[in-house]
Structures are given as structure tokens and as C-alpha cells.
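A.B. asks: here is my input, please return the structure:
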Amino acid sequence: MKFIKHILILFILLATSITTAQVKFEAKVSKKKLGVNERLRIDFEMNKDGDNFVPPSFTDFDVVDGPITSVSNSWFNGKRSYKKTYSYFLSPKKRGRFTIKQALIEIEGETYKTIPITVNVVAAVARPNGPPSADDIASGKLHLVAEVSKANPYLNEAITVVYKLYVSPEIGVSNNWREKDIPRYNDFWSQNIEIKGLSIQNAKFKGEDYRYVVLRKTVLYPQKSGNLKIEPLVLDVNVEVPSGRRDIFGNPLMTLVPKTVTAGSRTINVKALPEEGKPSDFTGAVGRFDFKVTTTKTALDATESLEAKIAVSGRGNLNLFELPKLTTPTSLEVYEPEHKENVRTNLNGMQGDISDTYTIVPQFKGKYPIPSVSFSYFDIKTETYKRITSKEIIIDVLNGPTANTAKTSNSISTKQVITPNTNTFAFIKTASNWTPISQQPFFKSSLFWILLLVPFLIIPVAIFIRRRRDKRAGDISGNRIRKADRLAKKYLGEAKKALGQKEAFYMALEKALHNYLKAKLNIETSDFSKDKIKTLLEQKKVDEAVFTEFISILENCELARYTPITQVTMQNDYDKAAKTISLIDKQIR
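C.D. replies: Below you'll find the predicted structure:
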């Protein structure tokens, strides 16, 4: 009997020791020797969940971050593996040997303690290996780059600047970035290329995998030679950086860090156009062009008109030089030319055509030469000057008065003597073939009966219009709605006119939205709050996406007064406002 009792006692003690051995609670440090300028990580790990965790006092350290809690729970071959960790990041206050005391926790009703750990803090090291801060991580993983197509162009040669924001896969960027400072391109002719939507692409940056988006594209034409500076683009960006912690579902928690990034200034070395071989008629055209001089007619009568067109087409600085002038004999009456431009600008620069169209009216019979016209330009590809010369055009005036010329010449200074006609006033008619107009009496005529009956027809129409107007005037609610709708349309019109002028545009847009809702929801300005709007639109059974978009536009109007806004953003906000008002109109009855 005593033997069985001893066996039971041994069994209970063994079971208790096994149970006790199954619980682990220990402290681990990242290093036991560190510099005074380094950081120490200490982890308190347990293999079962516990309560009432009490960390040590960390008297000789400053707590930089923590506690950071992480939980790992997995099953492998039917066995459960559990691990829970409390982590702290510590910064030593001074040099010396310090002991980190015990931590306590309750697990299944029992109190467990860690073993104290001694660390040695020595003099500062050259390269501290403490964990980087969230700000440091964001700075190293986010880059704004200005890519210039050519760093040493010729004067008036097109170059492009593409601004790209590179983002490491380890971090994220929220979409509410703002342009803090927009570059001004002094000494350049500039044209921004519209970007429709941000497209995320993958690329290598400094040998690492990155994602990037193109934020701006600009075409520049340098207007003077020498070293020209391109000012930097500056952005305010909210960066999402991993915090090292996880939520209850095991997903990583992110820390939001505001960052200001800049593309940095760039210097462009602009080469002057060569003086050697420069034509005398060169006016600054740089690129590759075609040149033509054409007329709508080459044969006509005197006092009839024709058009002569000087046109340049191709790719280059089409808006930045003057077309050559047309010279004609003095006997041809020539009007000021009509200038037309059909120019498109993309990343390759300007392309299209420009032209001057002259209206010419010959006064006398004869043949008149329009001398050849030459056009010179600098060819970027061959780096040489080229000249195109048109052919001489003869205008043949077939019929009309003749003119005796004191001197026959093909030049523009042709003097003419007009031969007087003996019958000077032949164009004035001295006789007529007029016939008398038969007069009918007005009484009982068609006009008499019409004028008599019209008042009787107008009376019922006037009564109907008066009743409609009285009914409309009595509709107080309807009048308020119509008035507010007119105001909304008026302010939307003013907002459209003010596109490009940030403050005027958003003030007009906000007024339009306010007046529209005041009419539709019958609320006063004092009741105008986002929560009130949301509640009333929900009562009117407006879709959540619609009133959320409406409130978002209002928030944009408020935010835009204090932040830089681009032309594209203003156009998008205007289109959203018009679309949202239309959707609310369809859903509110």
C-alpha cells in the first residue's frame, strides 16, 4: 500500500515538473556589448500567453520605442507552436556595465521571471548599427528624380524634363501628395504635357527594384546660350513605413511619416548656334522643316482677288520665329497677312505648321511676277544651316484697264501712269426703266383684317401667361430651388472661367455647391455642415458614393486655399462637381 502511495506521489511530481518545464519566459538582447551611440533591442519571449506583464525599470537606458508586441501561432504536424514577444528599443544614457533586471508575467495562474542580463556600454562607435527610425527609412526609400533628355542642347532645341517619383516596395505612398514648390523655367520657353492618370511602373533604381510614377512632363526650348538652371520640384508626401508591429490578424502595422522630397536643381549647358555659314535671312528657326509659297490663282481679271500663302511645316520651334515676308509689284494691292498656327506639342517638341496668308487684288491688266522667297533654318541632325527657296510665280491679269509703265521692271518699285478715259462718267446711268407701283386701298385689305383680329387673339394668350406667372410666383419653394439652380449654374460658369486662378476658381466652385444644396435640402448657411449634409442626403436616399464624392469636393475647396494646385487638378474638381450635381438631381425627387 505504501509502495502504491509513493508511486502516485512520484507521478504527480513528475507531471508537475513536466507542466512547469513546458512554460518558457526568457529575455534576449541583440548584443551584450554596444557603443554609447548605439541602440539595444531586448525581447521578452514566452511560449504561452500570459497576463499582467511587468517590464524592468530600464534605469540606465532611455526607451526609444516599445513595447512592440508580436504573436506567432502556427500548427505543424498536428502540433501547435505559439510565441509571444514584447520588444523594446533602448538607448544607453552613459558608458559602463549595467544590469537589466527581471521582467514578470502571470501564465496560467503562476508568476514567471526572466534572468537578469548584464550589458557593457563602451565609447561611441564610428558606425552605429541601431535600428533606423521611420523617418530614416522613408528618406532612404523615396526619391524624386528630374530626368532631362539632353544636358547640352543648341539654342532653341527642344529638350524634355520628366519628373518621376521612385518608391521602394518596402514602403507605401498615399495619393494625397502636394506640390509644395513648382519650378519656374527662367530663360526657357516651356510647355507642360498633360498626364491623364498616374500609371505605376516597375524599374531599377540604383541597382534595386523600385516602383515609380511620372508626375510631370515639360518641354523646354532654351532662349539663350550658356549655363541655364532648372529649378527643382518640391513635393509634400505622406509615406507609410512598417512599424515592426502587427495587428490581431498578423498584418503589419504601418507608420505614417510626412516627408518633403525635392528633385534637385539641374544645370543645362546651352550651345550657341554656329556663326559659320549662317544665312543672312536666318530668323532663328531650329529643327527640320518644309517651306512652300502657293497662290490660289495665277490667272484672273482686274479687281478680282487671290490669296498667296507662305507656309512652314515640320518639327522644331514653330512658335518662336517669324516667317519671311512676301514682296510684290506696287501695282498689286496687298493686304496685311492672316497668321495661322496648327501646332501640337508632345515630348518630341513642337510639330505642325504655321502660315501667313496674303490677300492680293490686281488693279490693271498685265503679267506681274511674285519674286521667289527664301527660308533658312538650322538642322539639328546635321548641325548645319539649310535654305529653301520658292519659285517665282507669275500672276496673269487677263481683263481690266491697262497701265502704261514708265519703266518695265520685275522689281517691287514699278511706277504706272493711268490713261484717262474720255467718258469719265460712263458708269452713271442717265435713264431708268422704273414702273409705277399700283396702289390699293387699305380698308378691307388683308393687312386691315389681320390688324383687326390680332388683339382678339392676343387676349387669351395674355390671360394664360398671366395665370402661369401668378402660379409660379406663389410657388415659394419652387422659386427658391430655381433661384439656387441659377446661382449654381452661374457660379459653375464663373469657376470654369477662373480655371488656372486657384483662389477665384475654388471660391466660385464652393459657392455653387453651397447654393445648390441650400435649395435642394432647404437648409440655411448656419446649418451647413458635412455631418448635416450626409444625414439629409441619406434621408433623400442618395447613394453613399455620390454624397461622399460631394463632401470630398467641398474638402478639396477648403484645402486648396492653403496648398499648391495644378491646372489638371482644378479641371478634375470642376468635372467632378458638375457630374455630382447631375447625379444628385437624378436621385432626389
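A.B. asks: quick one: the longest helix out of those in the chain to chain centroid distance?
C.D. replies: Across the chain, the helix with the greatest residue count (assigned by DSSP state H) is helix 446-474. Averaged C-alpha coordinates place helix 446-474 at 56 Å from its chain's average position (C-alpha atoms, centre = their mean, to the nearest Å).
A.B. asks: export stretch 100-114 as CSV, just CAs?
C.D. replies: Output in CSV follows, covering the C-alpha atoms of stretch 100-114 (Å, rounded to 0.1, in the frame of the first residue of the first chain):
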residue,chain,number,x,y,z
ILE,A,100,18.7,44.8,-16.9
LYS,A,101,16.6,43.4,-14.1
GLN,A,102,13.9,40.8,-14.2
ALA,A,103,10.6,41.0,-16.0
LEU,A,104,7.5,39.3,-14.6
ILE,A,105,4.4,37.8,-16.1
GLU,A,106,1.5,35.6,-15.0
ILE,A,107,0.9,32.4,-17.0
GLU,A,108,-1.9,30.0,-16.0
GLY,A,109,-2.0,31.5,-12.5
GLU,A,110,1.8,31.2,-12.0
THR,A,111,4.2,34.1,-11.9
TYR,A,112,7.4,33.7,-14.0
LYS,A,113,10.5,35.8,-14.1
THR,A,114,13.3,36.3,-16.6
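A.B. asks: so where is this structure shaky, pLDDT-wise?
C.D. replies: When the per-residue scores of the chain are filtered using pLDDT under 70, the ranges that remain are 1-21, 74-78, 126-133, 175, 247-250, 404-440, 474-491, 523-528, 561-566, 589.
A.B. asks: hmm, try it at 50
C.D. replies: By pLDDT under 50, the weakly predicted segments of the chain are 1, 13-21, 405-420, 422, 424-427.
A.B. asks: coming back round to it: buried stuff in the longest helix of the chain?
C.D. replies: The neighbour-count criterion (16 or more other C-beta atoms under 10 Å) identifies no buried residues in helix 446-474. Bear in mind the C-beta positions are built from the backbone N, C-alpha and C, glycine included.
A.B. asks: again, but for stretch 141-161
C.D. replies: Of the residues in stretch 141-161, those scored as buried under the neighbour-count criterion (16+ other C-beta under 10 Å) are 141-144, 146, 153-161.
A.B. asks: what does stretch 576-584 give?
C.D. replies: Neighbour counts over stretch 576-584 (16+ other C-beta under 10 Å) mark 576-578, 580-581, 583-584 as buried.
A.B. asks: ok, stretch 83-100 next?
C.D. replies: By neighbour count, with 16+ other C-beta under 10 Å as the criterion, the buried positions of stretch 83-100 are 84, 86-92, 98, 100.
A.B. asks: how about stretch 544-564?
C.D. replies: 546-547, 549-551, 553-554, 556-557, 560.
A.B. asks: packing partners of the longest helix of the chain?
C.D. replies: With contacts defined as 3 or more C-beta pairs under 8 Å, 6 or more residues apart in numbering; DSSP states H and E, the packing partners of helix 446-474 are helix 476-497.
A.B. asks: hmm, 7 Å instead?
C.D. replies: Taking 3 or more C-beta pairs under 7 Å, 6 or more residues apart in numbering; DSSP states H and E as the contact definition, helix 446-474 has no neighbouring helices or strands.
A.B. asks: i'd like the first residue to be 887 from this point on
C.D. replies: All set: I'll call the first residue 887, so the last point we hit is now helix 1332-1360.
A.B. asks: shouldn't Lys1462 be within a helix?
C.D. replies: Yes - with the criterion set as DSSP: H, G, I helix; E, B strand; the rest coil, the secondary structure at Lys1462 is a helix.
A.B. asks: from memory it sits against Phe1436, does it?
C.D. replies: No - the criterion here is C-beta atoms under 7 Å, and Lys1462 misses it with Phe1436 at 8.9 Å.
A.B. asks: quick one: which of the buried residues of stretch 1430-1450 sit in helices?
C.D. replies: When the buried residues of stretch 1430-1450 are checked against helices (DSSP H), the matches are 1432-1433, 1435-1437, 1439-1440, 1442-1443.
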